[in-house]
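Engineer: from the sequence below, what's the structure:
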Amino acid sequence: MKLSALCLLANIWFSLAACGGEGESGTDAKPAEPLSVGDAANGKEVFMGTCFTCHGNDATGIEGSGTNLTVSEFIRTKTDAELVEYIKVGREMNDPLNTTGIAMPPYGANPMLTDQDLADVVAYLRTVQREP
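Structural biologist: The predicted model follows:
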C-alpha cells in the first residue's frame, strides 16, 4: 500500500511539473527585471567619468585608444539592451569582430557601473549619433 501511495504522489508531482507547476525545473524563478529606460543627462555624466578616456569628451574617439562612437554602425544597429550587454562584457583585441584591434574592457574598465548607469550611457550615445 505504501508503495502505491508513493507512486501516486510521484505521478501527481511530475504531472504538475509538466503542466507548469512549481518544481525544480526553474519555473518558479522570478523573471528578469526589464532594462530601465536610460537617462541621457546622467549617461553623459557617467560617460565623462569613465568612457571619455578612450572615446574623447565628444565621443569622437581618441586615435589608438577608442573608436568614434558618434558614427558607429555598431551602435546604430544594436538595441539598447544589446549595447548594455556589450559594455558589460567588452571585446578582446583579438576578437574577429573587433575592427580596431583595441580592446574594449568590460564595463569600460569601471566595474562599479550599474546596469542603470550603462542604460544611461546608451541613452546618451543615442543623442550623439550622426550619419557617417
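Engineer: C-terminal to the lowest-mean-pLDDT helix or strand in the chain, what's the next element?
Structural biologist: Within the chain, no helix or strand scores below helix 2-18, which has a mean of 36 by mean pLDDT, DSSP states H and E. For helix 2-18, the following helix or strand on the C-terminal side (DSSP states H and E) is helix 40-46.
Engineer: host element of the residue nearest the centre of the chain?
Structural biologist: Nearest residue to the geometric centre of the chain (C-alpha atoms, centre = their mean): residue 85, 1.9 Å. Using DSSP H and E, residue 85 sits in helix 80-89.
Engineer: how about the CA coordinates for that helix, as PDB?
Structural biologist: Extracted in PDB, the C-alpha atoms of helix 80-89 (Å, rounded to 0.1, in the frame of the first residue of the first chain):
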ATOM      1  CA  ASP A  80      19.800  49.400 -26.000                       C
ATOM      2  CA  ALA A  81      19.800  46.000 -24.200                       C
ATOM      3  CA  GLU A  82      22.300  44.600 -26.600                       C
ATOM      4  CA  LEU A  83      24.600  47.600 -26.100                       C
ATOM      5  CA  VAL A  84      24.300  47.300 -22.300                       C
ATOM      6  CA  GLU A  85      25.300  43.700 -22.500                       C
ATOM      7  CA  TYR A  86      28.200  44.500 -24.900                       C
ATOM      8  CA  ILE A  87      29.600  47.100 -22.500                       C
ATOM      9  CA  LYS A  88      29.300  44.700 -19.600                       C
ATOM     10  CA  VAL A  89      31.300  42.000 -21.500                       C
END
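Engineer: elements contacting the next helix or strand after that helix?
Structural biologist: Next in sequence after helix 80-89, counting helices and strands by DSSP H and E, comes helix 115-128. On a contact count with 3 or more C-beta pairs under 8 Å, 6 or more residues apart in numbering; DSSP states H and E, helix 115-128 meets helix 40-46, helix 80-89. Quick note: C-beta positions are derived from backbone N, CA and C, even for glycine.
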